[in-house]
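> Quick one, fold the following:
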Amino acid sequence: MSQQTPPPFDTRFLHPRFWGIWIGLFILWPLAFLPWSIQRVLGIGLGDAFWLLGKRRRQDTQTNLRLCFPEYSDDERRHMSREVFRQAGMGIFESLSAWYSPKRFERNITISGLHHLVEQQQAGKSVLLLGAHYTSLDLAGLLASKFFAIDTVYRPQNNPLLEWVICRARLPIYGEQIDHDDMRKLVRCLKNKHVVWYTPDQDFGLKQGVMAPFFGVPAATVTAQRRLCKIDQSAVMAVHFYRQDDRRPHYHMTITPLLSDYPSLDEVDDATRVNQLLESLIRIAPTQYMWFHRRFKTRPNGMPKVY
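Modelled structure (predicted):
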């Protein structure tokens, strides 16, 4: 249950420049209550539309898949790229349902490795739970919250109305929603022995990280979690979510064992270990990962850009 005060309504949201968003929200809200069989079809259609119309995102996805799965043929990677968008389309409806119709997920979730987390909590440790950007979006947070209280670190929306809507929708899921720039709040949550979900799988340049291989490709890798876990001697482990069946959805969550001897004295080695761990989890259901992000926009000196 959230420990946060709901964000107040701002009267500027009534301005005509927000009317288009309000109309979209009123259209989307009833869709959260549709049967999954209908949501699945709509999600696939939405994904296909994004794939056809989103040329840049489609090209970025195909570039990422070419770099990360060189063993696949062009046709196989093209099929994978389309499936990524379909999974993302279904993920939108899963997040809507997680926000507004969460009871439908009470009986179709299993978990492995929960004892790894419980052991650390019983030892009085805070837990930094490393994740990745999966297409399940906030459904993953809802599923996790059924087993343990969880905070999340996120990047706020640029649009203030969307930020207000999403923050309110997430209140029943997360104990705390932590702006990725609010390090003071993040440290406070760890010192209070919380479980904090943190996703270090995006490219924020080398001011916040180092180059380390991700799927065998040099990638700018965030290393903030090394400094964070030193503050309170937090336990570090990873979490993975995926949908096991599209037609009659069942979800599985995995929590990995404690990342031992972390952090070490070698920042690059630590970044490599984290990337390898996340890679092994992503490979379980690779099309349920958000490959349309520009994961390799930062390149080593002398290497050409890929996007």
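> What ranges does this protein have for its helices?
Taking DSSP state H, the helices of the chain run over residues 19-28, 36-53, 55-68, 74-100, 114-122, 138-145, 160-170, 183-191, 224-232, 267-282.
> which of those helices sits most buried?
Stretch with highest mean neighbour count among the helices of the chain: helix 138-145 (a mean of 24; mean count of other Cβ atoms under 10 Å). Using the backbone N, CA and C atoms, a C-beta is placed for each residue, glycine as well.
> Verify the contact between residue 82 and residue 49 for me.
No. Between residue 82 and residue 49 there is no contact under Cβ atoms under 8 Å: 11.5 Å.
> Out of the helices of the chain, flag the one nearest residue 299.
helix 55-68 (11.4 Å; Cβ to Cβ).
> So which residues make contact with that closest one?
For helix 55-68, the external contacting residues (Cβ atoms under 8 Å, 6 or more residues apart in numbering) are 50-51, 72, 77-78, 80-81, 84-85, 214-217, 291-296, 306-307.
> what's the average pLDDT for it?
If you average the pLDDT over helix 55-68, you get 97.
> What of stretch 114-131?
97.
> any chance you could map the strands in the stretch 201-307 of the chain?
209-214, 217-222, 235-243, 251-255 (DSSP state E, counting those that start in this stretch).
> Output the lowest-mean-pLDDT helix or strand in the chain as PDB - backbone C-alpha positions only.
Using mean pLDDT, DSSP states H and E, the weakest-scoring helix or strand in the chain turns out to be helix 224-232, at a mean of 90. Taking Å, rounded to 0.1, in the frame of the first residue of the first chain, the C-alpha atoms of helix 224-232 are listed here in PDB:
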ATOM      1  CA  ALA A 224      24.700   4.300  -9.500                       C
ATOM      2  CA  GLN A 225      23.600   1.100  -7.800                       C
ATOM      3  CA  ARG A 226      27.200   0.400  -6.700                       C
ATOM      4  CA  ARG A 227      27.200   3.600  -4.800                       C
ATOM      5  CA  LEU A 228      23.700   3.200  -3.500                       C
ATOM      6  CA  CYS A 229      24.200  -0.300  -2.000                       C
ATOM      7  CA  LYS A 230      27.300   1.000  -0.100                       C
ATOM      8  CA  ILE A 231      25.200   3.600   1.800                       C
ATOM      9  CA  ASP A 232      23.200   1.000   3.700                       C
END
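> What separation do you get for the closest residue to residue 118 other than its chain neighbours and residue 17?
Nearest in space to residue 118, with sequence neighbours left out and distances taken as Cβ to Cβ, 6 or more residues apart in numbering, is residue 148 at 7.9 Å. To residue 17, residue 148 is 40 Å away according to Cβ to Cβ, to the nearest Å.
> Of the two, give the one with the bigger neighbour count.
residue 148 (16 against 10; other Cβ atoms under 10 Å).
> is it true that that one touches residue 116?
No. Using Cβ under 8 Å, residue 148 makes no contact with residue 116, being 11.4 Å away.
> Show the pLDDT at residue 77.
97.
> Mean pLDDT lowest where, among the helices of the chain?
Among the helices of the chain, helix 224-232 scores lowest, with a mean of 90.
> From the chain's centroid, how far away is that one?
A distance of 20 Å separates the centroid of the chain from that of helix 224-232, by Cα atoms, centre = their mean, to the nearest Å.
> and if you look at stretch 153-165?
On Cα atoms, centre = their mean, the centre of stretch 153-165 falls 15 Å from that of its chain.
> Can you get me the start-to-end distance on it?
17 Å (Cα to Cα, to the nearest Å).
> and what of stretch 118-138?
22 Å.
> Pull out the buried positions in that stretch.
By neighbour count on 16 or more other Cβ atoms under 10 Å, the buried set for stretch 118-138 is 120-121, 125-138.
> Between the helices of the chain, which one is closest to residue 249.
helix 36-53 (6.0 Å).
> tell me how far the closest one is from the chain's mean position?
20 Å.
> Which residues does it contact?
Contacts of helix 36-53 (Cβ under 8 Å, 6+ apart): 31, 34, 57-58, 81-82, 85-94, 97, 104, 246-249.
> please redo it, this time with the cut-off set to 6 Å
With contacts defined as Cβ atoms under 6 Å, 6 or more residues apart in numbering, helix 36-53 is touched by 58, 82, 85-86, 88-90, 93, 249.
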